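Chemist: just the structure for this:
(one chain, ligands or ions: 1)
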Amino acid sequence: MTLWGGVFQHPTDDAVRRLNDSLPFDWRLYDVDITASQAWAGALHRAAILTSEEHQAIVQGLERVRRLFASGQFVPAPGDEDIHTAVERWLTEAIGPVAGKLHTGRSRNDQVATDLRLWVMQATPALLDHIRDLQRALLAQAAGHVHSVMPGLTHFQPAQPITAAHWLLSTVAMLERDWDRLGQAAAAAASQCPLGSGALAGTPYPIDRTALAVALGFQQASSNSLDAVSDRDFVADFLHAAALLMTHLSRLAEDLIIYSNPRFGFVTLDDRYSTGSSLMPQKRNPDPLELARGKTGRIIGHLAGLLTTLKGLPSGYNKDLQEDKEPLFDAYDTLMLLLPVLTALIASMTLHPERMRAALDEAMLATDLADYLVARGVPFRHAHHLTGQVVRRAEALGVKLSALPLADYQAIALQFGPDVYDVFDFDQAVARRRPVGGAAPETVSAQINQWQARLGQS
Ligand code: ARG
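Modeler: Numbers count the residues shown, from 1 in each chain. I've put the predicted structure just below:
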């Protein structure tokens, strides 16, 4: 007998049942479902709907089914449509008809909305910890490369020298925003408790919904039952935070894929974090990084998929909402698997400052050459133009900027003096970027100290 079979004369078609059932993926809500049901039983007891004995029997029965799930011993029955019906079916078999009182005044609609919020609240802290671990691994690498000057790129073209530490800390900064955003998504889940909204109109029993909400760790009871049963904004918030986190991981992966290419050779990945080719013996492939990049599309798809599911729904609960769980769980599982791999990959990789330095090109100091003229009173726009002429002249002669004779410099601008050759010092160019946020070693070191104070060392 299903939990809703009274009005039906014929059993559900088998294929419809397979389409309809969510137990294959929502079983993992068992823990929060049981916690919410125990709290609901408590609320019914306080409202004098359950006697103390009935309350006790239900709470203890639920605790037993929790242990069955936790030990992997729960055996689903054919009619177990979803986690909510499965738990109640088992409870009925275990403690008898009194189990039937648990569902008084509630619906699976307010139940699942509550469960999913509790799941996000419970699951997010582990993800936040993984982000912190990755930040610490990046920070530890950065601390060793404050003076490792490397080419900085814009439009993927050589632009200006930076340091490896500055590059690594750019991802630490991105991850800090992700950490905040995911924390906010968990706070959104905790902001209101739908339990006691019933199917859509509220519950007719004198339930203290505020006490119930607070007992379950929520800020307050939801203010509108019709909204509360179909509000999945917190799932969209979570998926947005996850998609943006993945986007940042994908960009980090892309940098590392390029920098570990032998043409660059800035980075070598540890053998444990790259894989070989079955055909080409020389290959070291950055598969984990490619998967970070590749899986990003899938997680962005989950966000787009959920919003598409939500946008056409009429008011109240609709079964479409059952589609909220798989994207949420998959985004979570993907990140829980990926983040520790990336952390270990970063911690174990070797940076090669000599290869970074060898890739520097004096043309990256053209801006500094313009700044040299600015220091001698030339307006920047004009200095930019004159420096462009210097670069063109050097290209025409096929020489580096530092090998261009002074006469050629002075033919372009008389402000160029013999000290112009001092400009061609990559370390000095980086050291001049001293104001906060810049790549100068002293600035980056101060930044590292601040991150260490915030994150702790790995
Ligand atoms: N399995 C359902 C879901 O995930 C639970 C709610 C079902 N509600 C209903 N009225 N059929 O959305």
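Chemist: any chance of the backbone angles for the closest residue to residue 62 other than its chain neighbours?
Modeler: Counting by CB to CB, 6 or more residues apart in numbering, residue 62 lies nearest to residue 34, which is 4.9 Å off, once chain neighbours are set aside. All C-beta atoms are positioned from the backbone trio N, CA, C, and that covers glycine. Dihedral angles of residue 34 (phi, psi; degrees, to the nearest 10) stand at phi -70, psi -40.
Chemist: gap between the residue of the chain most remote from its centre and residue 418?
Modeler: Taking CA atoms, centre = their mean as the measure, the residue most remote from the mean C-alpha position of the chain is residue 407, 56.2 Å away. Taking CB to CB, to the nearest Å as the measure, residue 407 falls 11 Å from residue 418.
Chemist: up against the ligand, what does the stretch 301-450 of the chain have?
Modeler: Taking CB under 6 Å from any ligand atom as the criterion, the stretch 301-450 of the chain approaches the ligand at residues 317, 319, 321-322.
Chemist: now neighbour count, pLDDT and secondary structure too, for these, in a markdown table please.
Modeler: Converted to a markdown table, these look like this (neighbours: other CB atoms under 10 Å; pLDDT from 0 to 100; DSSP: H, G, I helix; E, B strand; the rest coil):
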| residue | neighbour count | pLDDT | secondary structure |
| --- | --- | --- | --- |
| 317 | 21 | 98 | coil |
| 319 | 9 | 98 | helix |
| 321 | 22 | 98 | helix |
| 322 | 17 | 98 | helix |
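Chemist: and the gap between the nearest residue to residue 377 once chain neighbours are set aside and residue 344?
Modeler: Leaving out its chain neighbours, the residue that sits closest to residue 377 by CB to CB, 6+ apart is residue 415, at 7.2 Å. Counting by CB to CB, the gap from residue 415 to residue 344 is 53 Å.
Chemist: quick one: the helices in the stretch 1-150 of the chain?
Modeler: 14-20, 23-26, 30-46, 52-70, 83-95, 108-143 (DSSP state H, counting those that start in this stretch).
Chemist: and residue 457, which of those is closest to it?
Modeler: helix 108-143 (6.7 Å; CB to CB).
Chemist: that closest one: which residues count as buried?
Modeler: Along helix 108-143, the positions that meet the burial threshold by neighbour count (16 or more other CB atoms under 10 Å) are 108-121, 123-124, 127, 130-143.
Chemist: one more: stretch 194-208?
Modeler: Counting neighbours by 16+ other CB under 10 Å, one finds that the buried residues in stretch 194-208 are 194-200, 202-203, 207.
Chemist: what about the single nearest residue of the stretch 351-458 of the chain relative to the ligand, how many neighbours?
Modeler: With CB to the nearest ligand atom as the measure, the residue in the stretch 351-458 of the chain that lies nearest the ligand is residue 455; the distance is 37.5 Å. By the other CB atoms under 10 Å criterion, the neighbourhood of residue 455 contains 18 residues.
Chemist: from residue 130, how far out is it?
Modeler: Distance of residue 455 to residue 130, computed by CB to CB: 13 Å.
Chemist: related to what we said a few turns ago, burial measure for the residue nearest to residue 62, as a count.
Modeler: Each residue near residue 34 was counted by other CB under 10 Å, and the total is 24.
Chemist: can you tell me how far it is from residue 55?
Modeler: Using CB to CB, one obtains 15 Å as the distance from residue 34 to residue 55.
Chemist: which element, helix or strand, includes residue 152?
Modeler: Secondary structure here is read from DSSP states H and E; on that basis residue 152 sits in strand 149-154.
Chemist: how far does that strand sit from its chain's centre?
Modeler: When C-alpha coordinates are averaged (CA atoms, centre = their mean, to the nearest Å), strand 149-154 and its chain have centres 27 Å apart.
Chemist: export it as PDB, just CAs?
Modeler: Once side chains and other backbone atoms are set aside, the C-alpha atoms of strand 149-154 remain, and they are given as PDB (Å, rounded to 0.1, in the frame of the first residue of the first chain):
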ATOM      1  CA  VAL A 149      59.800  37.300 -11.500                       C
ATOM      2  CA  MET A 150      57.600  35.900 -14.300                       C
ATOM      3  CA  PRO A 151      55.900  37.300 -17.400                       C
ATOM      4  CA  GLY A 152      52.500  38.800 -16.600                       C
ATOM      5  CA  LEU A 153      50.000  38.500 -19.500                       C
ATOM      6  CA  THR A 154      47.000  40.400 -20.800                       C
END
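Chemist: and it, what other elements does it pack with?
Modeler: The contact analysis (3 or more CB pairs under 8 Å, 6 or more residues apart in numbering; DSSP states H and E) places strand 149-154 against strand 157-163, helix 164-190, helix 353-358, helix 426-431.
Chemist: returning to what we had before: give me the element the residue farthest from the centre of the chain is part of.
Modeler: Here residue 407 sits within helix 406-412, counting by DSSP H and E.
Chemist: in the helix or strand hosting residue 239, which residues are buried?
Modeler: Secondary-structure assignment from DSSP H and E places residue 239 in helix 233-259. For helix 233-259, a neighbour-count test (16+ other CB under 10 Å) marks 234-253, 255-259 as buried.
Chemist: quick check, the residue in the stretch 251-400 of the chain closest to the ligand?
Modeler: Closest approach of the stretch 251-400 of the chain to the ligand (CB to the nearest ligand atom) occurs at residue 322, with a separation of 3.7 Å.
Chemist: leaving out sequence neighbours, find the closest residue to that residue.
Modeler: Closest to residue 322 by CB to CB, 6+ apart is residue 22, at 5.2 Å.
Chemist: count the neighbours of that neighbour for me.
Modeler: Residue 22 is flanked by 19 other residues according to other CB under 10 Å.
Chemist: quick check: pLDDT value at it.
Modeler: pLDDT for residue 22: 97.
Chemist: measure it to residue 329 for me?
Modeler: As defined by CB to CB, residue 22 lies at a distance of 11 Å from residue 329.
Chemist: still on that earlier bit, worst average pLDDT in the helices of the stretch 1-150 of the chain?
Modeler: Between the helices of the stretch 1-150 of the chain, the lowest average pLDDT goes to helix 14-20, which shows a mean of 94.
Chemist: quick check, it touching the ligand?
Modeler: No: contact between helix 14-20 and the ligand is absent, the nearest approach being 8.3 Å (criterion: CB under 6 Å from any ligand atom).
Chemist: and the contacts of that helix?
Modeler: When contacts are defined by CB atoms under 8 Å, 6 or more residues apart in numbering, helix 14-20 is touched by residues 12, 81, 319.
Chemist: how far does the helix or strand containing residue 392 sit from its chain's centre?
Modeler: Secondary-structure assignment from DSSP H and E places residue 392 in helix 380-397. Averaged C-alpha coordinates place helix 380-397 at 45 Å from its chain's average position (CA atoms, centre = their mean).
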